[in-house]
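Asks: Based on what follows, work out the 3D shape:
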Amino acid sequence: MKFVALAFSCLLLLAMPASANDTRTFDAMVLLAKRGDAEAQYHVGMMHNNGIGTQQDRSQAFEWFQKSAAGNDPLGAYKLGCYYDGQGAGIVATDADQALKYKLVSARAGYARAQHDVALMYDRQGNSEEALKWWKTAADQGLPEALFSLSRAYSAGKGTPRDLSLSYAYFKLSKVAPARNVKEMASMLSKPELEKAEKLVAEWKPQPTALTLKAFSGFRAAEEHLKVAKNQVF
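Replies: The predicted model follows:
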């Protein structure tokens, strides 16, 4: 029993610094954001959005995303687009035009998830060619959702001639379906088509941009930004 109590106490001690560090990171990031640092404004927005280092407050998050986007930070623009795309229910009215406007800023800067979202928006508008372009760009970075969407586009011939070989290759690369579904798709191809597809799969390598890697690193990116800012000051 004593061992259990001691172990629990140790777990509490291990947990406390992490929370304290989150709060210190938040406080330091707010100071940087108030000086007009657009990336810091994005991180403050995300910390409000997710309740990291501070209470969750999506109204505050939205305001910081607005400032970040105005300062030309592509991730701030993406999150602002997300709020206009329905994530900000109760805070800001859904606005498809504003959502596309801000997500396009991030997509053009190289963020894979923004590229995928933009593709979905164009697809809903019936602009299959533009949707395919952005799905291809996001898929090249290895985003599973984009690889799957690209597979469906080639299967249906949306925005491109129908190509079951490419559809199979991107479906397999997406890794979003059971192996039996992959085998089922393979059985629909001729031997030359399957060989072409498997060659593409074997040679394919994701090429995520620095922006995508930063976005996916989450809180670590915030901590790294603070280190860089501190070194620049000193």
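Asks: Just give me the neighbour total for residue 199.
Replies: Residue 199: 12 surrounding residues under other Cβ atoms under 10 Å. The way it works is simple: take the backbone N, C-alpha and C, and place the C-beta from them, glycine included.
Asks: Point me to the residue sitting closest to the centre of this protein.
Replies: A centroid search over the chain (Cα atoms, centre = their mean) returns residue 113, at 3.9 Å, as the residue closest to the centre.
Asks: That one is in contact with residue 138, isn't it?
Replies: Yes - the criterion here is Cβ atoms under 8 Å, and residue 113 meets it with residue 138 at 7.4 Å.
Asks: ok, now which ones touch residue 222?
Replies: The neighbours of residue 222, taking Cβ atoms under 8 Å, 6 or more residues apart in numbering as the test, are 25, 29, 43, 46, 47.
Asks: out of the residues you listed, who's nearest residue 188?
Replies: residue 46 (43.2 Å; Cβ to Cβ).
Asks: does residue 64 count as helix, strand or coil?
Replies: What DSSP: H, G, I helix; E, B strand; the rest coil gives for residue 64 is helix.
Asks: That one: what's it in contact with?
Replies: Neighbours of residue 64 in contact, by Cβ under 8 Å, 6+ apart: 33, 41, 42, 44, 45, 48, 76.
Asks: Can you list phi and psi of the last one for me?
Replies: Reported as degrees, to the nearest 10, the phi and psi values for residue 76 are phi -60, psi -40.
Asks: which residues touch the residue nearest to it when sequence neighbours are not counted?
Replies: Excluding the flanking residues, the one nearest residue 76 by Cβ to Cβ, 6 or more residues apart in numbering is residue 68, at 2.5 Å. Residues near residue 68 by Cβ under 8 Å, 6+ apart: 38, 39, 41, 42, 45, 75, 76, 77, 79, 80.
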